[in-house]
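Colleague: return atomic coordinates for the entry below.
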Amino acid sequence: MIVISLGGSLLYREKKFDEDFARKAAQTLINISDKQKTAVVVGGGFLAAKNAEKARKNTQNEFYADVSAIKATRSNAKKILSLLGQKACPKVLKSPESFLSALKQKNLAVCGGFLPGL
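Modeller: Residues are numbered from 1 along each chain as shown. A predicted model of the protein is given here:
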């Protein structure tokens, strides 16, 4: 199995989700998963930073800033997942353990962040 970290900063260009890059990345992920089991961890990039800053300002609490950033990573993961079609597990995974069962059914699985504070 291979684990790929798809950095969120790569998914944004001028504060907008870069659809062209995302499509190219998705095709690369499909090609890799044709050869071996592939776990993809998608980062939050601009969206995570923006959401965390807003939560930090509103709550003055790092836990909620982390939760907001994790939601952004999962949103980005969902966008990537939508480009993978039937090749990938059909949902964004929310725990490391879920990868084990997902990769028994498909060669490609996608997640965002898991736990606040990590």
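Colleague: ok, now how distant is A48 from G113?
Modeller: When distances are taken as Cβ to Cβ, to the nearest Å, A48 and G113 turn out to be 8 Å apart. Every residue, glycine included, has its C-beta placed from N, CA and C.
Colleague: more neighbours, these two?
Modeller: Under the neighbour definition other Cβ atoms under 10 Å, A48 and G113 were set side by side, and A48 has more, 26 against 23.
Colleague: I'd say the more buried one and A69 touch.
Modeller: Yes: A48 is within contact range of A69, at 4.0 Å (criterion: Cβ atoms under 8 Å).
Colleague: how about the helices in this protein?
Modeller: Along the chain, the stretches classed as helices by DSSP state H are 19-33, 45-59, 62-84, 96-105.
Colleague: and the contacts of the helix or strand of the chain with the lowest mean pLDDT?
Modeller: In the chain, the helix or strand scored least confidently by mean pLDDT, DSSP states H and E is helix 96-105, which has a mean of 90. Here helix 96-105 makes contact (Cβ atoms under 8 Å, 6 or more residues apart in numbering) with M1, K37, A39, C89, L93, A109, C111, F114.
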